[in-house]
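Participant: here is a sequence with its predicted model. Questions after.
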Amino acid sequence: MLIRIESAFNLESTLDSGQAFRWKNRSDYFEGVLDKSIILIKQITDGLEFESFPQSEKELKPQLKYYLSLHDDLEIILKSIAVDRNIQSYIDQYKGMRILKQDPWECLISFICSSNSNVLRVKQNVEDMSAAYGEKIEAFGSIRHTFPSPKQLENASIPILRQLKLGYRAEYIHEAVKMVSQHVINPWALLEEPYEEALMTLTKIPGVGDKVANCIMLFSMGKDDAFPVDVWIDRIIKELYPEELDDYIQRKYLNQSANKKRTKNRLKSPSINRTIIKNWAREYFGDYAGWANHYMFHERRKRLLRS
């Protein structure tokens, strides 16, 4: 089935940029799992062409368009974040990349897996969990599995999760399952909550710090101003915006401090430092700061993969 797209779209950058972990690049198309179906999708001149099973293409089309953020006005978003030559150059290279709107539960568990890991390993972790606890789907010559629901993971003990090579993250996943199953936290309800409240709720979950929480909010909760700061983004911002960052620190922290020396020492803490970068970026890039973040992240990741 065809999905016509009249604005810029880049399928490869959207699906293979480290924001989602269920997609496999099959050279001329992508194979993934969305909801309870296997999807084959490729970009053509007029837009996107896809097949799905067991859900029909007609049934899945609205959900796929939402997932790919095709209702968002990309021109407005990119114009909003293109505040300097640095970010404009990244937009020019990967124009059409969009921020996905994933399922919040799947995104939560996936990014708990991402802690001190890499994209390939997270993909394997997610596939292994799905194979162990999800529902089997067989179509298009592939066997895949749905991502397991909280109920399906309720009986997954920490030792069993460790057997899936999740390491110390097994305890975090076990606790997240318990908190969601017992209705302590409802990740789907956070779509309607403001950024700060959603952040506060997510960081109550063991294994979810500020960076992971911002990933979850950006990639599944429609919080376009969420700004995850990992080691790569930390380096990029300090490399590209040293003067702007120094000015922000002076204005927001040092000018208002009675003891500037003590404040400077406190700001050297890695966690505080990354919070400052996040807050500066959300102010500098505005309502779609998260999109700027992902364009920067994707460009640096692609550069490192080429080297």
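Facilitator: Looks like it came in fine.
Participant: for the rest of this, base every contact and every neighbour count on C-alpha atoms.
Facilitator: Fine.
Participant: okay, now residue 146: neighbour count?
Facilitator: Residue 146 has 21 neighbours, counted by other Cα atoms under 10 Å.
Participant: oh, and call the first residue 33 from now on, that's how I've got it
Facilitator: Sounds good: first residue 33 from here, last item residue 178.
Participant: surely it and residue 54 touch.
Facilitator: No: using Cα atoms under 8 Å, residue 178 is not in contact with residue 54; the gap is 9.7 Å.
Participant: now for the two: what residues contact both?
Facilitator: Jointly contacting residue 178 and residue 54 under the rule Cα atoms under 8 Å, 6 or more residues apart in numbering are residue 65.
Participant: which non-adjacent residue is nearest residue 189?
Facilitator: Excluding the flanking residues, the one nearest residue 189 by Cα to Cα, 6 or more residues apart in numbering is residue 206, at 7.0 Å.
Participant: next SSE after the strand or helix carrying the one you found?
Facilitator: Using DSSP states H and E, residue 206 sits within helix 201-213. Scanning forward in sequence from helix 201-213 by DSSP H and E, the next helix or strand is helix 227-234.
Participant: show the average pLDDT along that following helix.
Facilitator: On average, the pLDDT along helix 227-234 is 98.
Participant: counting neighbours, what do you get for residue 70?
Facilitator: Counted by other Cα under 10 Å, the residues lying close to residue 70 total 25.
Participant: residues in contact with residue 177?
Facilitator: By Cα under 8 Å, 6+ apart, the contact set of residue 177 is 65, 159, 162-163, 166-169.
Participant: filter those to the buried ones?
Facilitator: 65, 159, 162-163, 166, 169 (16 or more other Cα atoms under 10 Å).
Participant: what would those residues look like in CSV with secondary structure, pLDDT and distance to residue 93?
Facilitator: Shown next, in CSV, are the buried ones among the contacts of residue 177 (DSSP: H, G, I helix; E, B strand; the rest coil; pLDDT from 0 to 100; distance: Cα to Cα, whole Å):
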residue, secondary structure, pLDDT, distance to residue 93
65, strand, 98, 14
159, helix, 97, 24
162, helix, 98, 23
163, helix, 97, 25
166, coil, 97, 23
169, strand, 98, 19
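Participant: out of those, who's nearest residue 315?
Facilitator: Nearest to residue 315 among those: residue 65, at 35.6 Å, using Cα to Cα.
Participant: tell me the pLDDT at residue 148?
Facilitator: Per-residue confidence (pLDDT) for residue 148: 86.
Participant: separation between it and residue 124?
Facilitator: For residue 148, the distance to residue 124 equals 30 Å [Cα to Cα, to the nearest Å].
Participant: quick check: residue 132 touching residue 100?
Facilitator: Yes: contact criterion Cα under 8 Å: residue 132 and residue 100 qualify, at 5.2 Å.
Participant: name the residues contacting each of those two.
Facilitator: Residues touching both residue 132 and residue 100 (Cα under 8 Å, 6+ apart): residue 46.
Participant: what's in contact with the helix or strand containing residue 268?
Facilitator: Using DSSP H and E, residue 268 sits in helix 263-272. Outside helix 263-272, the residues that touch it by Cα under 8 Å, 6+ apart are 118, 277, 306, 309, 325, 328-329, 332.
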